[in-house]
Structures are given as C-alpha cells and as structure tokens.
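Asker: how does the following fold in three dimensions:
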Amino acid sequence: MSDHTVAHETAYWHVLADNRVQCDLCPRDCKLHEGQHGLCFVRENREGKIVLTTYGRSSGFCIDPVEKKPLNHFLPGSPVLSFGTAGCNLACKFCQNWDISKSREMDTLADQASPEKIARVAQELDCRSVAYTYNDPVIFLEYAIDVAKACRERNIKSIAVTAGYIHAEPRKEFFKYMDAVNVDLKAFTEDFYWKLTGAHLQPVLDTLLYIKHETDVWLEITTLLIPGKNDSDVELNEMTAWINNNLGADVPLHFSAFHPDYKMQAIPPTSQETLTRAREIAINNGLHYVYTGNVHDKAGESTYCHHCHSVLIGRDWYVLSDWNLDAQGRCKNCGTPCAGLFEEKPGTWGAKRLPVNLQAYR
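Answerer: Below is the predicted model:
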C-alpha cells in the first residue's frame, strides 16, 4: 500500500502476545503483522495500531432515488447522496459491485472529501439523506460516523447499506448515528454464507435483532436470490418465518434478481417466476411489505395496505405513480397505519441518477 494513503486511527483492536494486532471490528478478527492489512484491505497494522486507510476518500458520489438503496418506507421519492470507498469484509463470489468492493487500487479513489463538505453539498443539492453504500460502510465506520454527525447538524438523515457483519461493540457505536439501514441478508444457511461469502450467518442475524429491538433505526432487508443457491421453497419459508417471528411483520423485505457477475458468471439470471414465488411465500408467512427488485414488476414494486389491500404507494421502476397515504402515514381507504417514515407529500426525484463531482464545490 502506498505511503501517501490516509491513515486514520481506529479504536477496535488489541495487541496479541506475539505482537501481532487483532482487528476487533468484525467477526473476521484479522490478526496482522506490521504493514499487513485485513481481508477488507482498508484496515492496516501501522506501528502497532489498526488504522483506516481510506478516511476522507471516496470511489464516487451520485444522487439516487432513495428507493434504489433499496428503501421503500423511508422518505419515498426523495433524493439521497450516495457514496462508498473501496474494499469489503466479505468475499462474496457473486458480488454485484465487485469493481468497487474488491478494489485494491486506492489511487482510483476521489480526492479528499471531508465529512463537513459532504454534508454541506448534500444540503446544497437538496438531498434529504446521505447513503453509505456501493461497498460496506462497516469497514469505513469512523469515516461514516463522522459524516453522519456532520449531516445530523444539518438535519440530513444517514442511511447504511450493509451486510451487517460487525461485532457487538462497534455495532452499537455505528448504528447510534444511522437513521435507516438496509441489511443484505444473503441467505438463510450457514453453508451458503461460508462457501459463497467466506463469512457466517449468525453475526448477521445478531445485527438484525440488535437494530430492530435496541435502536430506533428504520430497518429494511434485501436478499439477492441466486438460482439453485438460496431460492428453495424450504429456505425461503424458514427465512421469512424467522423474520416475522423475530423482527416483526412490518419489516420490509426486498427480493432482488441476480445477474451473472464476478466469479459466478455461469449461473443464469433470476427468473421473474422465482421472485414472485419468493414474494408469495413471504406474504403467506405474514410479512406485510414484500418487494421484488432488479426487474420491472409494478405489482412487486408497489406498497399495499396489509388490511384492505389498497395500493398505498404505486411504483414504476423508481417513479412513484400513486400516493394514498394521509398526512399521518395511514391508508386513505381504511385508516390502517403504514410502517415507515413518511411526509405529507412524497418526493419527486423520480428514477434519475445524477453523478456529483464533489471537487466542483468549494
């Protein structure tokens, strides 16, 4: 790694008896000699301390619709300033953002972007929130938290898009500064997690339980359905029953379509039939809000009242076509509350994606 990379001190580590330093951020517990970096590639042992080497540097900024995170129940229709860094603490063979999450080219990261500047530019661009995404914000925890603090001072929300692979102590600090999160629950078997991500299932379930029961962070979940790997009726039934029983019926669940990528290019894309079947299984298990993603499916993209089944929020890709919630977020037809964070009127950002050059702003 280049000597000129930013080195920001971190708190989650301890020195071992053999003078290696163990990173205590996530369950990988990487044990590093001087100069070595963890599997995430961005946390390194420098002079007997674990430092974050990507603090203040990004792989790019872009304004997206919040529904693209995906979050369907958090300020619908609003624009969100999204950014990531490089690296990842999972090793998913099916990674859909591998050019960013697996990147070891630190020089491809954008120039310095301070937390205060990100918050100020987000405000200038009328973004209601900032999203830490593209790669997992857990690995740039210190940077994400500082950005979130700066955003909070300007009444801008913070969104984490994460696999939830983090230890208990840093988890508490991280989610203290987040307002919404989409957790990528990659499957519901330990076999899948170990063989296809190099990680374990239970820490992710622990994170989901923590967010739901010990924080006020708005939670949604995404599962990328990979043909023949995590899309069986048995697994989908077990997963959605667990979500209902342990997290509650109001947690939105997104089933996303896989496309061949990275190290799994021989597997076909997910069919519409599979997504629809998964959605039906989840609804039959009592979940109120279940969506399909990465495909054009107006029925699977829209939000329905779980009591009278009226369309509450109609969606066509990322464009809102119907809005049948009152000022208190209740169904206009029957008065049943819809879970989430809503305003009297939805945003009008639509489906557009707008790259942002932060260097153009002073």
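
Asker: and stretch 114-130, how far from the chain's centre?
Answerer: 19 Å (C-alpha atoms, centre = their mean, to the nearest Å).

Asker: now that stretch - C-alpha only, PDB.
Answerer: The C-alpha trace of stretch 114-130 is given here as PDB (Å, rounded to 0.1, in the frame of the first residue of the first chain):
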ATOM      1  CA  SER A 114     -14.300  15.800   4.400                       C
ATOM      2  CA  PRO A 115     -17.400  14.900   6.400                       C
ATOM      3  CA  GLU A 116     -18.400  18.600   6.700                       C
ATOM      4  CA  LYS A 117     -18.100  19.100   2.900                       C
ATOM      5  CA  ILE A 118     -20.200  16.000   2.100                       C
ATOM      6  CA  ALA A 119     -23.000  17.200   4.500                       C
ATOM      7  CA  ARG A 120     -22.800  20.800   3.100                       C
ATOM      8  CA  VAL A 121     -23.000  19.600  -0.600                       C
ATOM      9  CA  ALA A 122     -25.900  17.200   0.300                       C
ATOM     10  CA  GLN A 123     -27.800  20.200   1.700                       C
ATOM     11  CA  GLU A 124     -27.000  22.400  -1.300                       C
ATOM     12  CA  LEU A 125     -28.300  19.700  -3.600                       C
ATOM     13  CA  ASP A 126     -31.500  19.300  -1.600                       C
ATOM     14  CA  CYS A 127     -30.800  15.700  -0.600                       C
ATOM     15  CA  ARG A 128     -32.800  14.600   2.400                       C
ATOM     16  CA  SER A 129     -30.200  11.900   3.200                       C
ATOM     17  CA  VAL A 130     -26.700  10.600   2.600                       C
END
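
Asker: for it, give the mean pLDDT please.
Answerer: Across stretch 114-130, the average pLDDT comes to 97.

Asker: burial measure for residue 344, as a count.
Answerer: 10 (other C-beta atoms under 10 Å). For the C-beta atoms, the positions are set from N, CA and C on the backbone; glycine is no exception.

Asker: so what's it up against?
Answerer: residue 327 (C-beta atoms under 8 Å, 6 or more residues apart in numbering).

Asker: on the three-state scheme, it is what?
Answerer: For residue 344, the assignment made with DSSP: H, G, I helix; E, B strand; the rest coil gives coil.

Asker: from residue 297, how far out is it?
Answerer: Per C-beta to C-beta, to the nearest Å, residue 344 is found 28 Å from residue 297.

Asker: tell me the bridge partners for the residue minimising distance to the centre of the chain.
Answerer: Closest residue to the average C-alpha location of the chain: residue 161 at 1.4 Å, with C-alpha atoms, centre = their mean. In this entry, residue 161 is beta-bridged to residue 182, by DSSP bridges.

Asker: how near is it to residue 120?
Answerer: Residue 161 sits 22 Å away from residue 120, taking C-beta to C-beta as the criterion.

Asker: list the contacts of the residue nearest to residue 339 when sequence neighbours are not counted.
Answerer: Leaving out its chain neighbours, the residue that sits closest to residue 339 by C-beta to C-beta, 6 or more residues apart in numbering is residue 250, at 3.7 Å. Residue 250 makes contacts with 288-289, 339, as judged by C-beta under 8 Å, 6+ apart.

Asker: restricted to helices, list the residues you listed.
Answerer: Applying DSSP state H to those, no entry is found in helices.

Asker: how many residues are close by residue 286?
Answerer: 14.

Asker: what separation do you get for it and residue 198?
Answerer: According to C-beta to C-beta, residue 286 stands 33 Å off from residue 198.

Asker: next up, the contacts around residue 275.
Answerer: 225, 255, 257, 292, 295, 297, 300.
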